[in-house]
Every structure is written in structure tokens, then in C-alpha cells.
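J.: here are the coordinates; sequence isn't available:
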């Protein structure tokens, strides 16, 4: 689970979410314009901290990525009738979109430091290029700017949603550290970690979108938040399958990297249940990538990967069904496409 | 400047702010009760993240400290008529007080990591006891909880004040890193760093207090914010004097530690102006504590320490004068005592 979402979504080397281009095309000019303003705003926020002060923050942001979370903000808003038809209404929406991506970027900078990652989106990570100390401060700055931007929306409910999500992200990172090499970690604890590290920010993205929209209501924010949480969960489950399945040409890293880092993921948990001999396997015994690859082979041989994929698909179907209870087909179409795009990338 | 405020205020070894006890005594039962609830709330917030998840966050918070920033929140509120006379009014004030201390604690955890500090408040730092990775995540969690707590106040203006301050803290840490060993750093840049790293959160504390109070107004928030910024600035200037003046029995560390870390502080800047031979001195030439102590002697010999102390006293007097323009003597008395306490510790 060391490749947190951003890298996988953003980085061609680990397989982009191709379906997102189709969504942008179908979303029309308005969606593309809002996404364009999100980009400009992101760049301005980080550049605005004053050169050379913000160079690392800026390079993190401008390195790009698929902007899956901003997309969720914008689509959720559109499904709730779009923002109020004013300049301020549009700006509020873009600020929400920007804030979510800033929190995500802050997390990437700190996660890369924690995971010792060298590359992100094909460029050296802040930790690798500028050292751990600057990586801490750069992440803190991105984090702070997220809240400063969102505060301009003057909506305490939005700030609550984002701060709960960022608390979850940090708690998830702590949980992952606590559980490192703890081979006994089970399904419940794994799912809890996914909720914290991944699903919570997806949920916040949809909540913020709804709260920025004309027809936004608490009920709709709840419902779309639930949808997004499930999509985020499926996303992480499938990401963890990819760590075991490879191939390396697609992921840009050797198989079993997360296992080698001591992270107990879904395929390993399921494989232990299916194959008693694996249940006593101690991850701290893995000494090198070759041993991790060998463990991946054993996991794959149990059929655990197919089972994990199926579980993820079930979660996505649940998510889509939940959408239908609150949105008409017309309004849910693009969000459905996001759900499908998340799955599509792992087929 | 590596001993950021908390340590100096909190840690007996570097000289506590003795005057604070007198303020607590004079502030009466209500102040002590609010401070007590702040403590309980701080402990609950961090413990609430679930054991053993939050043990590091919790140990950071419960290690104590003089709680100078919460005190500013509470006193600023009282000078603006106190919180509304309801349970919720009291709770809102305490949440503001808690949020400021959480941001401060988050900064301490990350600063200790960046500065390589081993001890804080007489206990091992999170970075020293649990490693850099947990220190990053623990700081992030404290940071996130600050905003999550404050969001419960449903006041976007309060969140704006806190997020601007936390942006400033991160920008200040980046600036300090950028400027490390850059001996040409002058007074203007030094003051800018103090504003970011120290004064901004003092300002936010007073702003939040006023915004939680019955008679709070934007004008009063501005005025008390200006007062607090100056107090914060003086606090940092005097802290930097202490790094050069020692003595070690009082500071718990060898003299010139900041200089050895490459941090250009006020005494060094002033000494360069007073003694041409020092103007070419390159901090990166300092190789060990003994050389740093020798540089401290040279700085002291120029009279720069007295000049720095005088400048700080002038800033404090300006702060107190600014208070009088918006508050009657009765309402400003305790805040004046905080200003005096900041100075008192360096006499």
C-alpha cells in the first residue's frame, strides 16, 4: 500500500485511469474549464508562497497527476445542480477542488518521505531531491494552504469535512506504521486502514462538491460521500492486487514491494485463509525483492487475487447502486463512469 | 532559533515564563477552570484517536508546557467581554484554545525532527523515541485534529485565522532551511522569519479569543492580533539572545547552538554591523560547540546582546501601547502581564 493513490492514478508507469479522459470529454466545456481553473489555482497557491520558498511545493503540484479527487468534487457538484450561477459560486467550487488536491499532495510528499520513495510521477520526490527536512516542511505548507484556501469559502461544514479526512489520512499512516510486519493483521484492520488512508479523502471530495452546489443538501452529501468512500475502498483494494500481480512493466516496480515494506494487504490476508501453510508466514522474513516476488507467486497460486478483485468489484457495484437511490440516471452518469474507470484500470 | 517557543516556555531547563503563574492566580477561578478544561480536552482529542494509534500524539500533548498560546486565547476572549454565558459559549472558547495548542504541538514534533532534537520538555522527542517516520505522521495527526476541533465551532473566520497561521509556520520553517548558513541574511529577512515562525500563531491565538467572545469585533481582533504579533516577535528576539548569552545552566544547551545549526539570528546580525571583522564570518566554518561558544564571546563583546534586548523591549512597549488604544486598563491588565512575563524571563 506504499503507492498511495496519487502515484497510481497519476503515473503512467503504474497505469493511469484511462477512463478519466472519456469523462472529461463527455463532461463538456464547463467541466474542462473548471478543471483548468483548478490547475491554475493550484499553481498560483503554491507559487504565491514566494520563490524560492515554495519551489518544492510548486514542483509537487505542477508535476501533475490525473486529478481524480478534484474531478470527484466537480462531478459531485454538477450532480447536485452545479454551483450557483455566479462568479463567486464558480470560485467557491474551484477552491474546494483545489483544497482537496492540496491535502492529497501534502500526503504524497510526507508518504514518499515515510516510504523512502525516490520517484513520483516520473520525477524525484521532494524527499529524494531536497532531503527529508524540506519534505516535512513542504508537506506542512501544502497542508496549511489547503485549509487556508477552503477557509475563504466561509463554510464551516466544508472545513469540517476536509479536516476529518485529513485526520483520517494521518491516522491511517500511523496505523500502517503500527501494523508494519504484524503478519496477524486481519481483514477488519486492513479495511479500516483503507478507509482512513484512501476512502476518507474520496468521501470528502464528494461532500465538498455537494456542499458547493445549488441543490446541495446534507442528505445528498451523505449519500455521495458513501458512494465515494466505497469507490476509494475499491481503488485501494485493486491497487493492492496490482502490487502482487504486477507485471512490472505496468507498475514500474517489482512485485510485492508493499509486502517487502511490511504492509499486510488484502491478497496476503485472503491467501493466508486459503492456504494454511501461508498463515504462519512472517513478512519480516522477506529480505529482498526476489523473496517478495516468490511470495507473490505463492499468493497468486491460491486464487486470492481473483477473490480480491471480485470483492473490489462488489464494492463498486454497491457504490453505484447507492447512487441510484438518490440521483436520477442523468445526474449519476459521470460519477458512474468514475466508478467504472477505477475498475477498468485493473482489468 | 532551533528552540522554538514551546521548548523555551515549557521547559524548566531553558527558563519558564514565571510570570504566567501570577497571571493564573490573578485571573481567578474562571481562567483556571478554562485552562483545566483545555488540558482535559487536549488529552481527550489525542487519546480519542485510539490506542496505541495516538500514543505518540498523546505523549506529546500530555508532556505539558506552560500553554502560553491557550492562555492568550483565554485572556483575549476575557478582554472582549468573555464568551457568551452558555455551555456552548464556554465550549467554543475552549475548542479555540485547544486548536491553537494542537497546531503548536504539531509544529514542535516536526521541528524537533527537522532540528534533530533529542529532548523536549525533559522527555525524548517523538523523532528520537519513535523515529522520523512516526514523527511525521504524529505531527500530521495533531495538525489535522486542530482543524477538526476548530471546525466544530462553525466559524469560518476562526478557521481562516488558524490556517493562515499554520501556513506561516510552515513557510517560516522553509525559510529557515533556505537561509541556513547564508551568513548574508539581514535584519529584514530575520524579522520576516520571526513573524512567520513565531508571531503568526501568537496573533492567531488572540484573534481566536476575540472571535469567541461576546464583544468580539473584527476591529478588536485586529488590534489584539497586532499586540500578540509584537509579543511573539519580542519573544523570539529574546530567545535568540539567550542562545548567545547562555548560561548553559539556564538554557540546558551549549551557547551558540543555533549559530552552529546555521541559523542567522539577531545578535549575530547586530554584531556584524558593530564589528566589521565579523561581517565576513561564515557560519558554515563553525565545526563544533567550542567554536560556536567562541563566536558567542565575540558577539557579546560587541555589545550586540544589550542592543538586541533593548530592541525587544521596545517592541514589547509598542505592543502594550497598542493595547491601550482599544482596551481600558481594566481589560488589558492581564494581557499586559503576559507582555511583561515574556520580557521578565530574560532579565
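T.: Thanks, I have it. Computed from a prediction, not measured in an experiment: that's the story for all the values here. Residues are numbered from 1 along each chain as shown, chains lettered A, B, ... in the order given.
J.: So which residues of the stretch 101-250 of chain A form helices?
T.: Per DSSP state H, counting those that start in this stretch, the stretch 101-250 of chain A carries helices over the ranges A:126-130, A:132-151, A:156-178, A:187-194, A:200-211, A:218-245, A:248-251.
J.: Of these, flag the one that's most buried.
T.: helix A:200-211 (a mean of 30; mean count of other Cβ atoms under 10 Å in any protein chain shown). To be clear about C-beta, it is placed using only N, CA and C from the backbone, and glycine gets the same treatment.
J.: now that helix against helix A:132-151, angle please.
T.: 20 degrees (axes from the mean of the first three to the mean of the last three Cα atoms, to 10 degrees).
J.: quick one: helix A:200-211 to helix A:187-194, angle?
T.: Using the same axes, to 10 degrees, the inter-axis angle of helix A:200-211 relative to helix A:187-194 is 50 degrees.
J.: And helix A:200-211, what does it pack against?
T.: Under the contact criterion of 3 or more Cβ pairs under 8 Å, 6 or more residues apart in numbering or on different chains; DSSP states H and E, helix A:200-211 touches helix A:68-79, helix A:87-115, helix A:156-178, helix A:218-245.
J.: Can I get the helices of the stretch 101-250 of chain A in TSV including mean pLDDT?
T.: Formatted as TSV, the helices of the stretch 101-250 of chain A follow (pLDDT from 0 to 100):
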stretch	mean pLDDT
helix A:126-130	82
helix A:132-151	89
helix A:156-178	89
helix A:187-194	94
helix A:200-211	97
helix A:218-245	93
helix A:248-251	73
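J.: need the contact list for the spatially closest residue to residue A:208 that is not a sequence neighbour.
T.: Spatial nearest neighbour of residue A:208, chain neighbours left out: residue A:96 (4.1 Å); criterion: Cβ to Cβ, 6 or more residues apart in numbering or on different chains. For residue A:96, the contact set (Cβ atoms under 8 Å, 6 or more residues apart in numbering or on different chains) comprises A:73, A:77, A:150, A:153, A:158, A:208-209, A:211-212.
J.: Show the pLDDT at residue A:96.
T.: Looking at residue A:96, its pLDDT stands at 98.
J.: what sits against the residue lying farthest from the centre of chain A?
T.: The centre of chain A is farthest from one residue, residue A:277, which by Cα atoms, centre = their mean lies 33.4 Å away. Listed by Cβ under 8 Å, 6+ apart, the contact set of residue A:277 is empty.
J.: Let's see that with 10 Å instead.
T.: Residue A:277 is in contact with A:271, A:298, A:302, counting by Cβ atoms under 10 Å, 6 or more residues apart in numbering or on different chains.
J.: Check residue A:315 too.
T.: Applying Cβ under 10 Å, 6+ apart, the residues near residue A:315 are A:191, A:199, A:229-235, A:237-238, A:339, A:342-343.
J.: For it, pull up the helix or strand it's in.
T.: Using DSSP states H and E, the element containing residue A:315 is helix A:304-324.
J.: what angle sits between that helix and helix A:187-194?
T.: 60 degrees.
J.: what's the following helix or strand after helix A:304-324?
T.: Next helix or strand after helix A:304-324 toward the C-terminus (DSSP H and E): helix A:329-344.
J.: For that next one, buried residues please.
T.: Neighbour counts over helix A:329-344 (16 or more other Cβ atoms under 10 Å in any protein chain shown) mark A:331-339, A:341-343 as buried.
J.: Neighbours of residue A:79, how many?
T.: Using other Cβ atoms under 10 Å in any protein chain shown, residue A:79 is surrounded by 27 other residues.
J.: what does the model give the closest residue to it other than its chain neighbours for pLDDT?
T.: Spatial nearest neighbour of residue A:79, chain neighbours left out: residue A:331 (4.5 Å); criterion: Cβ to Cβ, 6+ apart. pLDDT for residue A:331: 80.
J.: about what we covered before: tell me which of the helices of the stretch 101-250 of chain A sits nearest to residue B:311.
T.: Proximity to residue B:311, assessed across the helices of the stretch 101-250 of chain A by Cβ to Cβ, is greatest for helix A:132-151 (27.7 Å).
J.: What residues sit buried inside stretch A:69-87?
T.: A:69-80, A:82-83.
J.: would a markdown table of these with pLDDT and distance to residue B:35 be doable?
T.: Listed next are those as a markdown table, based on pLDDT from 0 to 100; distance: Cβ to Cβ, whole Å:
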| residue | pLDDT | distance to residue B:35 |
| --- | --- | --- |
| A:69 | 94 | 40 |
| A:70 | 95 | 42 |
| A:71 | 95 | 46 |
| A:72 | 96 | 42 |
| A:73 | 97 | 40 |
| A:74 | 97 | 45 |
| A:75 | 96 | 47 |
| A:76 | 95 | 42 |
| A:77 | 96 | 43 |
| A:78 | 94 | 48 |
| A:79 | 93 | 47 |
| A:80 | 93 | 44 |
| A:82 | 94 | 47 |
| A:83 | 96 | 43 |
